[in-house]
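Chemist: Predicted coordinates and the sequence they were generated for:
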Amino acid sequence: MLDRLNLRDHAGLTDAAWNALIAVGAAAIGVAIALLAHRLVYMALLRLSRASESKVDDIVAAHLRKPTRWAMVALGLILAARETPVLADVWQKIAGFVMPALIGWIVVAVFRAFVEAACLDDPNTTLDDVRARRRRTRLAIVSRIVTFVVVFVTIGLMLLSIPGVREIGVTLMASAGIAALAVGAAAQPALKSLIAGIQMAVTEPISIGDVVMIGGDGGTVEDIRSSFVIVRTWDERRLVVPTSKFLDETFENWSRNGSALTGPAFLHLDPAADIPPIRAEFERLVEDHSRWDQRKRALQVTNMAPGSIEIRAVVSAASPGDLFELRADIREALLAWIRVHQPEALAHTRQFEPTPEPGIPNVTA
């Protein structure tokens, strides 16, 4: 004790400055020990997780690295504050902010690690597995809803630690009707997005990986958020579509119950076209094509106009992408075959020289 007094007097410090210096030193020592302990423990756990074949422990370790580091720092400050009254006073003032934030961070990290581990691909699951896509979608939406709720509760607990805010809350409770209306009006967009996200998770009109057509544009659902959906088009554009569009408006989901599709390729030919040879060539082309899933193939005359007929070549494929490629290849190959074997079948414009009627003069421009 005398040594501490002599050191303080020698440094020429006041009591407040000396106590502050002790508090800073104790905090620095506590933080350093906490960071060192966290590093040693984390490195040991990381070594164990890398030695195992499972990816789950790697995911958990990656998500918990930062929140546990700061939790250890908080623990170091708590232990140091027990021996330092000045540091204890400071910690008591900031604990209401720090502790809810750390707990909320750890809860979100644990839940996100669980979601990522649950979304790990099963070796027996294909990319077009509808159940796997729905599971990923459900987990992604639930994860965002849980994150929203945890953040909301955490911020509320942090604000309640402020005496002034707590007093305002008590005053508002006395007029709960007005407070409820005010809070409801202010939080309407957030609550609407939250309810829309819950509705998307329950009804599942779309899933991540679905091929959809909405508003004249089509693409693959890349991500689903609580307030919007990201759709990736064939030309790598990203459409940001409000969630309400999928809940309130009509759209096409080409892969809701499976990715296999059937689609037509149209040809417009001359009425003089000989259909049976064209049908035989179509069947041969489809039979030899690697993208055909052997479910359906048919060639029919579906319409007729004064100068042409419409040929519909229906094919099936295992996915929307394969169907697009198959239709384009069949259309191109049929046109090439018709050009060589039945050039007269290609649609063309006929011109006739008028035959003059007796007694009517032939007037030409």
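Modeler: Arrived safely.

Chemist: Show me which residues of stretch 292-308 are buried.
Modeler: By 16 or more other Cβ atoms under 10 Å, the buried positions in stretch 292-308 come out as Trp292, Asp293, Arg297, Leu299, Ser308. From N, CA and C alone the C-beta is placed, and that goes for glycine too.

Chemist: Which two of those have the greatest separation?
Modeler: Farthest apart among the buried residues of stretch 292-308 by Cβ to Cβ are Asp293 and Ser308. That separation is 30.9 Å.

Chemist: Surely Asn257 is within a strand?
Modeler: No - going by DSSP: H, G, I helix; E, B strand; the rest coil, the assignment for Asn257 is coil, not a strand.

Chemist: Is the spatially most central residue of the chain bridged to anything, and to what?
Modeler: By Cα atoms, centre = their mean, the chain has its centre lying nearest to Asp223, at 2.0 Å. Taking DSSP bridges as the rule, Asp223 bridges to Ile230.

Chemist: Contact partners for it?
Modeler: Taking Cβ atoms under 8 Å, 6 or more residues apart in numbering, we find Asp223 in contact with Ala140, Ile208, Val229, Ile230.

Chemist: Check those residues for the minimum pLDDT and say which it is.
Modeler: Going through the contacts of Asp223 one by one, the lowest pLDDT turns up at Ala140, 80.

Chemist: shouldn't Ser143 be in contact with Ala113?
Modeler: No - applying Cβ atoms under 8 Å as the test, Ser143 and Ala113 come out as separate, 10.3 Å apart.

Chemist: Distance of the residue nearest to the centre of the chain relative to Arg65?
Modeler: Asp223 sits 25 Å away from Arg65, going by Cβ to Cβ, to the nearest Å.

Chemist: Just the buried positions in stretch 203-211, please.
Modeler: Ile206, Ser207, Ile208, Gly209, Asp210, Val211.

Chemist: Run the chain-centre distance for it.
Modeler: Put simply, stretch 203-211 sits 11 Å off its chain's centre (Cα atoms, centre = their mean, to the nearest Å).

Chemist: Can you spell out the domain ranges of the protein, please?
Modeler: Using automatic domain parsing, the domain parsing of the chain gives 2-121+128-199, 207-253, 261-345.
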